[in-house]
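*Asks:* Need a 3D model of the sequence below.
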Amino acid sequence: MRYKNKCIALVLAILLMSTMFATALPAAAASKKGEQPHWDTAAALSSHIDQHKYVVSTDGTSVYEIGSIGTVDGYNGLAPTLRGYLQVSRGDFDWESLSSPDYGWYWVQNSQVDRAANGIYKTDSGSYYVKNGQVDFTYSGVAKSGKASYVIENGMVNTNANGGYRHGKNYYMTKNGKVTSDETAAAHVLDSVGWNLKAAYNWCTQINYAKHSPSLDPSYGTERFAAYGFKHKKGNCYVMAATFYKMAHLMGYHVHQVAGYVPTRDGPSYHSWCEITISGTLYVVDPDRAMYRQNGYLNRYGQKGTWVYVKQRTMA
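*Replies:* Below you'll find the predicted structure:
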């Protein structure tokens, strides 16, 4: 009986050791050089990889889906390599490349890293600043993409950036992270002449008059008239009024650009000027009058010595 009990105990001990060995075997095998778990192991490991669905191979040429076998064709978007966790090489998890210097997020086109990608790239999780195919999480500032510029904070477009934003010596006006070029140009002018209403008016009177530049049609819009004036420093009455409007508005004044005409002996002369309210009083500001050596700053409608203005529409 005693011999039989010893045999049973020995059998149980062997079974317990076998179970422990079998449990430890995958980890031991994985730690041995050249013995790497295949993709059937990936699903169990996905919870340890920040729930990323796609990963980039260590050489940047292929994209793999966690929990699947083989490469993914036609994938477009962002995908990481996973330094500190696992990376992918030749269809297997590569346990030997945890310290790869190419760690980061990459912009992928047709399942390959697009090393020519530079600028702002939009995804479902946000817009990212990409440089040579890789998201640059170290960059904060203003970056241009196409014709637009954006405020970047740690590699992502800061959609909460609204109002004034200063980067280095430059001042920018932003809306939802996008730089508004005409207001930024207005801020640059005010930085140079002083944030003062009369100084802004004086700058507008120095615009070189060009009757047909860029348009005599009010529907061209305040934004485009102002952008043209700030860039070229020439234009007609619409440009002068638009640039003044932008600077006055930026300084917090209640101001509008309007369009209409001034009666003359030869009939109506189509024109644009600004209305601005200061301490409850409505004033007319018309930089174009300086061309005739007349005062166009803070006049009243009907005031002696001013023009007769007939307003037809409010442009901004």
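
*Asks:* Check which residues of the one helix or strand residue 165 maps to are buried.
*Replies:* In the assignment (DSSP states H and E), residue 165 maps to strand 163-167. Judged by neighbour count using 16 or more other C-beta atoms under 10 Å, the buried positions of strand 163-167 are residue 165. C-beta: built from backbone N, CA, C; applies to glycine.

*Asks:* which outside residues touch it?
*Replies:* Strand 163-167 has contacts (C-beta atoms under 8 Å, 6 or more residues apart in numbering) with 141, 142, 151, 171, 172, 173, 174, 179, 187.

*Asks:* Skip the chain neighbours and tell me the closest residue to the last one.
*Replies:* Think residue 187. Spatial nearest neighbour of residue 187, chain neighbours left out: residue 171 (4.6 Å); criterion: C-beta to C-beta, 6 or more residues apart in numbering.

*Asks:* for the one you found, helix, strand, or coil?
*Replies:* Look at residue 171: counting by DSSP: H, G, I helix; E, B strand; the rest coil, its state is strand.

*Asks:* got the contact list for it?
*Replies:* Remark: with contacts taken as C-beta under 8 Å, 6+ apart, residue 171 is in contact with 164, 165, 184, 187, 188, 191.

*Asks:* Run through the bridge partners of it.
*Replies:* Judged by DSSP bridges, the bridge partners of residue 171 are residue 166.

*Asks:* Please tell me how far it sits from residue 131.
*Replies:* 24 Å (C-beta to C-beta, to the nearest Å).

*Asks:* Could you check the pLDDT of residue 116?
*Replies:* Per-residue confidence (pLDDT) for residue 116: 84.

*Asks:* what about it, helix or strand, and which?
*Replies:* Under DSSP H and E, no helix or strand contains residue 116.

*Asks:* Just say helix, strand or coil for residue 108.
*Replies:* strand.

*Asks:* Next, the buried residues of stretch 233-249.
*Replies:* If you call a residue buried by 16+ other C-beta under 10 Å, then stretch 233-249 has these buried ones: 235-249.

*Asks:* No further questions, thank you.
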